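Novice: Sequence first, predicted model second:
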Amino acid sequence: MTKAQKVLVIGGGVGGLAVAIGLHQQGIDVEVVERDKDWKVYHVGIIVQANFVRALNVLGIGDKAVKAGYAYRGARFVDLNGNVLKELPGDTAVDGLPSDLGLTRPALHKVLTEKTLELGIPVRLGVTFESFEDNGENVAVQFSDGTSGSYDLVIGADGNYSAVRKVLWPDARPQYTGQGVWRYNVPRPKGLDWSDIYVGKDKGKVGYCPLTEEDMYIFAVFEEPGNPRFAPETLANEMRKRLEGYGGIMAEAAAHVTDPNLVVYRPLEACIMPAPWYKGRVVLIGDAAHSATPHLGQGAAMAIEDAVVLAEELGTRDVDAALDAFMERRFERAKLVGTSSIMLGEWDMHPETAGDPIELTDRIRKKLAEPV
Ligand SMILES: Cc1cc2nc3c(=O)[nH]c(=O)nc-3n(C[C@H](O)[C@H](O)[C@H](O)COP(=O)(O)OP(=O)(O)OC[C@H]3O[C@@H](n4cnc5c(N)ncnc54)[C@H](O)[C@@H]3O)c2cc1C
């Protein structure tokens, strides 16, 4: 049994690029295929915390991500009028770097793609796999551009609707949780240095998070019975309806939601795979293995933590031992984030049986600030 020398990553998103960078650092030959020929990402922002900064720091791009985003003080739960109920200040995990950060998804994409290309990691755009055959020692892959290759390990980092997962576990698929999330970028009020989450309305919650000196983004997570599809031209009106009845900063921010083309709406669909996330020489990471809802703002951090841990283990052990060690270090943590996120959504929809979302959020934030 030998260590992996040649690895294929399917999917050039958050986890895929992070694992490619990590494997390159370990001296492992790695290549990436990405289905989207334009390598595009959605334009809204993402919320991340101390564990995201720490994981990117291991990859040598923590400071770049911080500079690309906006560091703020932490999360605050507020009532419907914007009065503060509880502050959850961020605990930094890396000396000299902040904890809570908002950044646009394109800004994170730029940090990851620049590092990948700077390291000379081959990335083939507009290409995916047609089929793969695992013969126990390596995996023979046929690609959509007619080429083929043989790899010691294939990593499926192809997101929530993973085609790699479908081959390995055909019955596993994301399930609608009952809620949808609405997102929109608006101007950041001067002096706003917290991400506020408004609680007190049944069926959902709203909030905002600074992204840059100029911008912040609003999110609204609500029960959407029957998983409706909305006509694109109605999206701004629909989102504003969900922002009605809130005071404080949200009242002013909601008035900026006017262009239906700039609303990003997603039904929440989650898929948390049982252990192990691998079969033979093919392993899943990120959303492909454990997609959750956005209630804890942890999707990107979980994908990057997976990447860092998998690269570390593959750099030090043979493939089978590395995959076991990877599961040992990742499964419970990712499951905790996934199940807690889904539970927070359940509590939004069923307040009569809800626990305390502020206490749960605080507990998970502290837990995730601990090293992996
Ligand atoms: C609108 C929105 C807002 C979000 N906000 C937050 C947030 O605030 N905080 C947070 O932490 N997370 C957030 N998330 C979740 C976060 O983006 C994901 O958890 C994270 O990107 C997961 O990384 P990943 O690498 O698993 O998947 P992705 O980053 O989705 O990457 C998957 C990649 O695989 C490619 N791909 C797909 N199929 C194939 C195939 N068959 N072959 C080759 N390539 C393929 C895709 O094109 C994509 O580039 C948000 C997600 C959305 C949609």
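Specialist: Ah, there it is.
Novice: The helix or strand hosting L103 and the ligand, any residue contact?
Specialist: In this assignment (DSSP states H and E), L103 forms part of strand 101-104. No - using Cβ under 6 Å from any ligand atom, strand 101-104 stays clear of the ligand, with a minimum separation of 8.0 Å. For the C-beta atoms, the positions are set from N, CA and C on the backbone; glycine is no exception.
Novice: Could you identify the helix or strand that succeeds that strand?
Specialist: As assigned by DSSP H and E, the chain's next helix or strand after strand 101-104 is helix 105-118.
Novice: So what touches that next one?
Specialist: Helix 105-118 has contacts (Cβ atoms under 8 Å, 6 or more residues apart in numbering) with 12, 14, 17-18, 20-21, 32, 39, 41-46, 56, 59-61, 64-65, 68-69, 123, 300.
Novice: In this structure R188 contacts M216, no?
Specialist: Yes - using Cβ atoms under 8 Å, R188 makes contact with M216 at a distance of 4.1 Å.
Novice: E130 and S144 touch, don't they?
Specialist: Yes - at 5.5 Å, E130 counts as touching S144 under the criterion of Cβ under 8 Å.
Novice: ok, which residues in the chain are in contact with the ligand?
Specialist: 10-16, 33-36, 42, 44, 46-48, 128, 157-159, 163, 183, 264, 266, 286-288, 294, 297-301, 303.
Novice: quick revisit: elements contacting the strand holding L103?
Specialist: If you count contacts as 3 or more Cβ pairs under 8 Å, 6 or more residues apart in numbering; DSSP states H and E, strand 101-104 packs onto strand 45-48, helix 62-68, strand 70-71, strand 215-223.
Novice: Just give me how far that strand sits from the chain centre.
Specialist: Distance of strand 101-104 from its chain centroid, counting by Cα atoms, centre = their mean, to the nearest Å, is 12 Å.
Novice: average pLDDT across it?
Specialist: Averaging pLDDT along strand 101-104 yields 94.
Novice: Same question for stretch 347-366.
Specialist: Rounded mean pLDDT across stretch 347-366 is 92.
Novice: same question, stretch 256-268
Specialist: In this model, stretch 256-268 has an average pLDDT of 97.
Novice: what's the answer for stretch 24-33, then?
Specialist: For stretch 24-33, mean pLDDT is 98.
Novice: Check stretch 191-211 too.
Specialist: What stretch 191-211 shows for mean pLDDT is 93.
Novice: Quick check: end-to-end length of that stretch?
Specialist: End-to-end distance for stretch 191-211: 13 Å, by Cα to Cα, to the nearest Å.
Novice: so G245 makes contact with L80?
Specialist: Yes - counting by Cβ under 8 Å, G245 does reach L80; the two are 6.6 Å apart.
Novice: Tell me the helices and strands packed up against the one helix or strand F331 maps to.
Specialist: Under the criterion DSSP H and E, the helix or strand holding F331 is helix 319-349. Judged by 3+ Cβ pairs under 8 Å, 6+ apart, helix 319-349 is in contact with strand 175-187, strand 204-210, strand 215-223, strand 264-272, helix 287-290, helix 299-316, helix 357-369.
Novice: Repeat the analysis, applying 7 Å as the threshold.
Specialist: strand 175-187, strand 215-223, strand 264-272, helix 287-290, helix 299-316, helix 357-369 (3 or more Cβ pairs under 7 Å, 6 or more residues apart in numbering; DSSP states H and E).
Novice: Tell me the spacing between Q26 and the ligand.
Specialist: Note on Q26: its distance to the ligand, by Cβ to the nearest ligand atom, to the nearest Å, is 19 Å.
Novice: What about that residue, how many residues nearby?
Specialist: Neighbour count for Q26, taken as other Cβ atoms under 10 Å: 17.
Novice: Give me the distance between the closest residue to it other than its chain neighbours and the ligand.
Specialist: Nearest residue to Q26, sequence neighbours excluded (Cβ to Cβ, 6 or more residues apart in numbering): G315, at 3.1 Å. For G315, the distance to the ligand (Cβ to the nearest ligand atom) stands at 20 Å.
Novice: isn't G315 right next to V30, touching?
Specialist: No - judged on Cβ atoms under 7 Å, G315 makes no contact with V30 at a distance of 11.4 Å.
Novice: those helices in the stretch 1-150 of the chain, which residues are they?
Specialist: 14-25, 50-58, 62-68, 105-118 (DSSP state H, counting those that start in this stretch).
Novice: Low-confidence bits of the protein, can you list those?
Specialist: Scanning the chain for pLDDT under 70 picks out 1.
Novice: Now render the helices of the stretch 1-150 of the chain as JSON lines, adding distance to R76 and mean neighbour count.
Specialist: Formatted as JSON lines, these follow (distance: least, Cβ to Cβ, whole Å; neighbours: other Cβ atoms under 10 Å):
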{"stretch": "helix 14-25", "distance to R76": "26", "mean neighbour count": "27"}
{"stretch": "helix 50-58", "distance to R76": "17", "mean neighbour count": "25"}
{"stretch": "helix 62-68", "distance to R76": "21", "mean neighbour count": "18"}
{"stretch": "helix 105-118", "distance to R76": "23", "mean neighbour count": "18"}
